[in-house]
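> sequence and predicted model, in that order:
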Amino acid sequence: MNSKKYNMWLQYQPITDTKMIEQYQYFFTKIGVLSEGLQVQAALDELHAAVPQMLDAKFTVSNDALNSTIVIGNRNDLARFLDSEQQAKLADMNDEAFLIASNQEQLIIAGNSDVAVLYGVHHLLRLVQLNEDIAQLSVVEQPKNQFRMLNQWDNFDGSIERGYSGQSIFYQHNQFVEDKTRIKDYARFLSSVGINAISINNVNVWEEETYFITKKYLPEIQEIAGIFRVYGITLYLSINFGSPVTIGDLDTADPLDQSVQNWWKEKAKEIYDYIPDFGGFVVKADSENRPGPFTYERDHADGSNMLAKALEPFQGKVIWRCFVYNHLQDWRDRTTDRARAAYDHFKPLDGRFHENVILQVKNGPMDFQVREPASPLIGAMPNTNQMIEFQVAQEYTGQQIDLCYLIPQWKEILAFDTHIKGTGTTIEEIVAGNIHPYKYSGVAAVSNIGDDENWTGNTLAQANLYGYGRLIWNPSLLSEQIAEEWIKQTFGSKEEVLNTIEDMLLNAWGIYENYTAPLGVGWMVTPGVHYGPNIDGYEYSKWGTYHFADRDGIGVDRTKETGTGYTEQYQEPHRTIYNDLDQVPDELLLFFHHVPYKYTLKSGKTVIQHIYDAHFKGYEQVEGLIEQWENLRNYVDNERFANVQDRLERQLDNAKEWRDQINTYFYRKSGIGDQHGRTIY
Ligand SMILES: CO[C@H]1[C@H](O)[C@@H](O)[C@H](O)O[C@@H]1C(=O)O
């Protein structure tokens, strides 16, 4: 299986930095490989792919460590090359940790496991691509998060739920793709940023996908698991909770029914016969019409524990999603609050889950909007494994047409100090497993790739996939660092290119927020597709997604006294801050409060004037992005230049549509004009 060349970040462009090239050429001549594991082999393959291209040179491979310029291997096989301090450092770290040490003569990459060697090699190749000095390295790294997962929302017919980059790379017309090259390439890209788990089918498990866990499809899934295994990525499947009825011959899926329990036990055995290192199940149950334990008057602990027991003998995990809410609401009912739902459903069950169940909590508490507070459920269950769920796919953030670099958003959420066990109990530390004694925890996200030549629709959306992996490996990396790394590896190191794209990326989220739904209120999107404005599109629907704009004001009252009481789900000081009009941050005002249009923000503007200003500004900022990109015309190849240019033009149309719809709507509702007399239709 040969890899194809893409304009992604593993391009390995020729090194042109004359200061460094000699040093690199020296090191990449004799590679000593001391371990034989699959992932060490993958590391060597990566070196074979990278070195000739970057350095126009070949290297020899042997197991003669003494005479090698680079030596790679796992800690056991490399033991005699490590001094006691290095040994101790590695011994202190987790299984995925690596060490890189070099002097003028030799460079050593030692991993705590075979896959750690692969991570170490990728780290070194990244340093070379960034033109860093590698002659005096002393690097020890381990991933901060244990689970670093992607969820594919791919359907067997080849479509992707919320996919914006073409069709699935896994399936086509209800078959597995025959040519698996693209899957292998994906695995390479993911391992280069440290992803170690993937679920390969949509959490909405439809009829045919329900049969993925049968012998009809397991042989093909086994093959895909084999591809990911080489890159240290564990394969998971989304399953249908109703499987015993759909594919078994049982008339119930009741988790407390003995025959159901036995059915899943047998099923687990069968799966593990095919895939001995199968990760486990991802489950969307009792959520948006998917079957679950509620049908049998059981709860989420009953449901997930039943599956957990079946997987336990094989070290399998159940990743149980907490996106559970009433999707049959009436807009007149102001007490039911979708933002509350996950916490209300799951918090009371703390302590009842088996140790191989992990709750996957969506952020935000509503649904991947451009601006939401952090989910109050994260960290609120000290005795239950948790991970947080992000969305790399830009469902509500421009759908990979509009530019939206999401790393700053995720960083803000990870940095949120829940105060659940006092100051410093940030979400970052909680999901890293450092606050509560979780056995398993980490981060999952919905992927943004498809079979488009550039993988992500908008080429610049690649930065979100790259950045997701890098960020959850090391959450202390800055948004700008991650952007720089990605740009240099993807577009080269020219000053103009670097500065321009970096600036575009770093401003993108704010720009998107400016011209869409204001001040944290969210939604206002076209129902169904979720692209473009439709202010009342969801206002009278059953989904619980309201902004409550009327002639007097706008926003959702989630306060304790007069609202849904959602603010009570937070610890102090947030509980008070969010509940108090005088303290709530402007950008979240309408998420927590219903206020008159003339209410004055901390910025000094009224809400209505803020709406106008932000929307006029957002549109102008997109014009600015177009100008910035235009300046790169001579620095970027035609294909990528045209791709981004086209997306930016579409973004401008979208921003105009949002600006005018929103401004007109609120002008008409409030009867209050723009202070600056700009055109409102
Ligand atoms: C997979 O279904 C999705 C659905 O398409 C999406 O609009 C919503 O945001 O979230 C659901 C979920 O997260 O389960």
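Nice, I can see it. Residues are numbered from 1 along each chain as shown.
> give me the most central residue, the protein.
Ala445 (3.1 Å; CA atoms, centre = their mean).
> the nearest residue to that residue once chain neighbours are set aside: what's it in contact with?
The shortest distance from Ala445 to any non-neighbouring residue, by CB to CB, 6 or more residues apart in numbering, is to Phe390 (4.1 Å). Just so you know, the C-beta spots here come from the backbone N, C-alpha and C atoms, and that holds for glycine as well. Contact partners of Phe390, counting by CB atoms under 8 Å, 6 or more residues apart in numbering, are Asn363, Phe368, Leu406, Trp410, Ile413, Val443, Ala444, Ala445, Val446, Tyr468.
> helix, strand or coil for Phe390?
Following DSSP: H, G, I helix; E, B strand; the rest coil, we place Phe390 in the strand state.
> how much space separates it from the ligand?
Distance of Phe390 to the ligand, computed by CB to the nearest ligand atom, to the nearest Å: 11 Å.
> likewise for Ser259?
29 Å.
> which elements pack onto the helix ranked longest in the chain?
In the chain, taking DSSP state H as the definition, the longest helix is helix 638-670. Here helix 638-670 touches helix 495-515, helix 607-630, going by 3 or more CB pairs under 8 Å, 6 or more residues apart in numbering; DSSP states H and E.
> list the contacts of the residue in the stretch 451-600 of the chain positioned nearest to the ligand.
Here the residue of the stretch 451-600 of the chain nearest the ligand is His530; by CB to the nearest ligand atom that distance is 6.5 Å. By CB under 8 Å, 6+ apart, the contact set of His530 is Arg162, Glu395, Tyr396, Gln399.
> run a quick neighbour tally on the third one.
Per other CB atoms under 10 Å, the neighbour tally for Tyr396 reads 23.
> where in the chain is pLDDT low?
The model of the chain has pLDDT under 70 over residues 1-4.
> count of neighbours near the residue lying closest to Ile358 once chain neighbours are set aside?
Using CB to CB, 6+ apart and skipping the chain neighbours, the partner closest in space to Ile358 is Asn385 (4.2 Å). Neighbour count of Asn385, defined by other CB under 10 Å: 27.
> what's the distance between Asn385 and the ligand?
Distance from Asn385 to the ligand, by CB to the nearest ligand atom: 20 Å.
> just checking, that residue touches Leu359?
Yes. Counting by CB atoms under 8 Å, Leu359 is a contact partner of Asn385 at 6.7 Å.
> which neighbours do these two have in common?
By CB under 8 Å, 6+ apart, the residues touching both Asn385 and Leu359 are Phe353.
> which residues of the stretch 401-550 of the chain fall in helices?
407-415, 427-431, 462-473, 479-491, 495-515 (DSSP state H, counting those that start in this stretch).
> those into TSV, with extra columns for distance to Phe323 and mean neighbour count?
Compiled in TSV, those are given as follows (distance: least, CB to CB, whole Å; neighbours: other CB atoms under 10 Å):
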stretch	distance to Phe323	mean neighbour count
helix 407-415	16	20
helix 427-431	17	24
helix 462-473	19	26
helix 479-491	26	21
helix 495-515	23	20
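> nearest to Ile233, of those?
helix 462-473 (11.1 Å; CB to CB).
> how far is that closest one from where the chain is centred?
Computed by CA atoms, centre = their mean, to the nearest Å, the chain-centroid distance of helix 462-473 equals 8 Å.
> by contact count, what packs against that helix?
Short answer (3+ CB pairs under 8 Å, 6+ apart): helix 462-473 packs on strand 147-151, helix 181-192, helix 407-415, strand 442-446, helix 479-491.
> can you mark which positions in the second one are buried?
In other words, helix 181-192. Arg182, Ile183, Lys184, Asp185, Tyr186, Ala187, Arg188, Phe189, Leu190, Ser191, Ser192 (16 or more other CB atoms under 10 Å).
> could you point out which element follows that helix?
strand 197-199 (DSSP states H and E).
> who touches whichever helix or strand comes after that following strand?
Per DSSP H and E, strand 197-199 leads on to helix 218-230 as the next helix or strand towards the C-terminus. With CB under 8 Å, 6+ apart as the test, helix 218-230 has contacts from 38-39, 41-42, 170, 176, 180, 183-184, 187, 198, 200, 212, 234-235, 237, 270-271, 274-275, 277-278.
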